[in-house]
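K.L.:
would you be able to build a 3D model of this:
(one chain, ligands or ions: 1)
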Amino acid sequence: MKTITLTIDEKTVEATEGEMLLWVALDNDIYIPNLCALKARPLPDANCRLCWVDIEGRSAPVTACNEPVYNGMVVKTGTERVVRLQQTALELILSTHPVDCGRCGKNKRCELQKIARHLRTKLKQKRLRDISKRLPIDSSHSLFSYDPNKCVLCGRCIWVCKEEQKVGTLHFAYRGFAMVVTAFGGAPLGEADCTMCGRCVEVCPVGSLIFKNAEK
Ligand code: FES
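P.N.:
Numbering: from 1, shown residues only. I've put the predicted structure just below:
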């Protein structure tokens, strides 16, 4: 394991060669918007498209969650084109995400609120049409409920259930706009194989999977 140095927004930091840039930045108190990454996950699928950064010598921005660091790397997290990409990614997510924060159990702890604050933008967007899904909430589980309308399809819950807990109850079903997180065969979560570890709820960045005692 070789220790290297790199520069992020003019700050020189140390890291282990090959670490993912997102975690190096966050560990050094440099915030980069992110939803789908998990530190324990070696190969993120980079599906939220929020963690854009510019790297000196590269013609186009890259996603920080799957970009390994190297010695002498020079990173900028707030260039105009990076912020534009992040704002567009956030707008796309918000076009299907109900913005009713006052009635959400994740209010003030929601990653979308944090990202909007960072980008100095509003959660209620105007550019894209609101295409909320209006799907039923699954409250069948004794520990938590799942609101597919609030789900940002980051896949964190699926990864911890399968790879960390070795249970594999949760999956993505369908494609495109219809995509949801579900148990095998679309069974209600209360009827699915579940060890009640609660990890899926802990890693949910929004109020989609939420413990029943935190619901509003
Ligand atoms: S955190 Fe990098 S694409 Fe989602």
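
K.L.:
going by C-alpha atoms from here, please, whenever you check contacts or count neighbours.
P.N.:
Will do.

K.L.:
and the nearest residue to residue 8 once chain neighbours are set aside, what does it touch?
P.N.:
Excluding its sequence neighbours, the residue lying closest to residue 8 (C-alpha to C-alpha, 6 or more residues apart in numbering) is residue 75, at 4.6 Å. Residue 75 makes contact with 6-9, 53-56, according to C-alpha atoms under 8 Å, 6 or more residues apart in numbering.

K.L.:
filter these down to just the ones in strands.
P.N.:
Residues of those located in strands (DSSP state E): 6-8, 53-55.

K.L.:
for the ligand, see how far away the residue most central in space within the chain is.
P.N.:
With distances taken as C-alpha atoms, centre = their mean, residue 35 lies nearest the centre of the chain, 1.4 Å away. Note on residue 35: its distance to the ligand, by C-alpha to the nearest ligand atom, to the nearest Å, is 5 Å.

K.L.:
let's have the chain start at 10 instead
P.N.:
Sure thing, new numbering starts at 10, so read that last one as residue 44.

K.L.:
ok, that residue to residue 12 distance?
P.N.:
Applying C-alpha to C-alpha, to the nearest Å, one obtains 27 Å for the distance of residue 44 from residue 12.

K.L.:
again with residue 219
P.N.:
Counting by C-alpha to C-alpha, the gap from residue 219 to residue 12 is 39 Å.

K.L.:
before we move on, what about residue 110?
P.N.:
When distance is defined by C-alpha to C-alpha, residue 110 is 42 Å away from residue 12.

K.L.:
what's the closest of the contacts of residue 84 to the ligand?
P.N.:
Nearest to the ligand among the contacts of residue 84, counting by C-alpha to the nearest ligand atom, is residue 62 at 10.0 Å.

K.L.:
so the nearest residue to residue 158 once chain neighbours are set aside, which of the three states?
P.N.:
Spatially, and ignoring its direct neighbours in sequence, residue 158 is nearest to residue 142 (5.6 Å; C-alpha to C-alpha, 6+ apart). With DSSP: H, G, I helix; E, B strand; the rest coil as the basis, residue 142 sits in coil.

K.L.:
mind checking the pLDDT average for the lengthiest helix in the chain?
P.N.:
The longest helix of the chain (DSSP state H) is helix 89-103. For helix 89-103, mean pLDDT rounds to 96.

K.L.:
let's verify residue 107: helix, strand, or coil?
P.N.:
For residue 107, the secondary-structure state derived from three-state DSSP is coil.
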